[in-house]
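*Asks:* Predicted coordinates and the sequence they were generated for:
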Amino acid sequence: MSDAEFRSRHLHPDDDLASFNSGELGLDEWLRRSAHHAEAIRSGRTWVWTRAGSVLAYFALAGHVIERHSIPHQIGRGSPERIPAVLIARLALHRDLHGQGLGGTLLADASRRIVDATDIVAARFVVVDAISDDAASFYTHYGYRPIPGTRRLVRKINDLANDLYHE
């Protein structure tokens, strides 16, 4: 299956979540136990790639706020004290799809949704809290800047939009 065949859609109550296995138990369990609840209380939106009703990949997005003092001065310059942001709360690919370059495709999919959403509701940054050093390296490869001493990474939405729509 090529990456062109994957299109995200909103999580549906009938989606098969039980067979999802990213190799990261915390990500798998969140999808099974918390994704629908987050939808119900509007604390996060989950988008999925599916095949025959089974989830193959997902990402969850949420509104967020970061404090200007918590990010490096050079990227926070000109921002208010409390900066509107979008949090990539979860991003996971079924282990059967690992090693095919689809992680970057999934991140680009999430990024397009974020940029499009910020045409309606303003946000300045995308924030991600990497679950591991490998995950942090993945996001760094795609232009996210680490916040020293943490696994939190940020990226300006304007830079993301430029990369996505002006390549």
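*Replies:* Ah, there it is.

*Asks:* which residues of this protein fall in helices?
*Replies:* In the chain, the helices defined using DSSP state H lie at 25-33, 35-40, 73-76, 102-117, 133-141, 157-165.

*Asks:* Return the most buried member of those helices.
*Replies:* Most buried of the helices of the chain by mean neighbour count (mean count of other Cβ atoms under 10 Å) is helix 102-117; its value is a mean of 18. The way it works is simple: take the backbone N, C-alpha and C, and place the C-beta from them, glycine included.

*Asks:* How far off centre is the helix or strand of the chain with the lowest mean pLDDT?
*Replies:* Sorting the helices and strands of the chain by mean pLDDT, DSSP states H and E puts helix 73-76 at the bottom, at a mean of 82. Distance of helix 73-76 from its chain centroid, counting by Cα atoms, centre = their mean, to the nearest Å, is 22 Å.

*Asks:* ok, residues contacting that helix?
*Replies:* Identification of contacts with helix 73-76 by Cβ atoms under 8 Å, 6 or more residues apart in numbering yields 68-69, 83, 145, 154, 156.

*Asks:* And those, which is closest to residue 32?
*Replies:* For these, the closest approach to residue 32 (Cβ to Cβ) belongs to residue 154, at 28.8 Å.

*Asks:* Correct me if wrong: the closest one contacts residue 124.
*Replies:* No. Judged on Cβ atoms under 8 Å, residue 154 makes no contact with residue 124 at a distance of 9.4 Å.

*Asks:* Spit out the residues that contact those two alike.
*Replies:* Common neighbours of residue 154 and residue 124, using Cβ under 8 Å, 6+ apart, are residue 85.

*Asks:* Could you check how far residue 55 is from residue 87?
*Replies:* 20 Å (Cβ to Cβ, to the nearest Å).

*Asks:* now the helices of the chain as TSV including distance to residue 8?
*Replies:* Output for the helices of the chain, formatted as TSV (distance: least, Cβ to Cβ, whole Å):
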stretch	distance to residue 8
helix 25-33	14
helix 35-40	14
helix 73-76	28
helix 102-117	5
helix 133-141	18
helix 157-165	14
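
*Asks:* What are the neighbouring residues in contact with residue 52?
*Replies:* Residue 52 touches nothing, counting by Cβ under 8 Å, 6+ apart.
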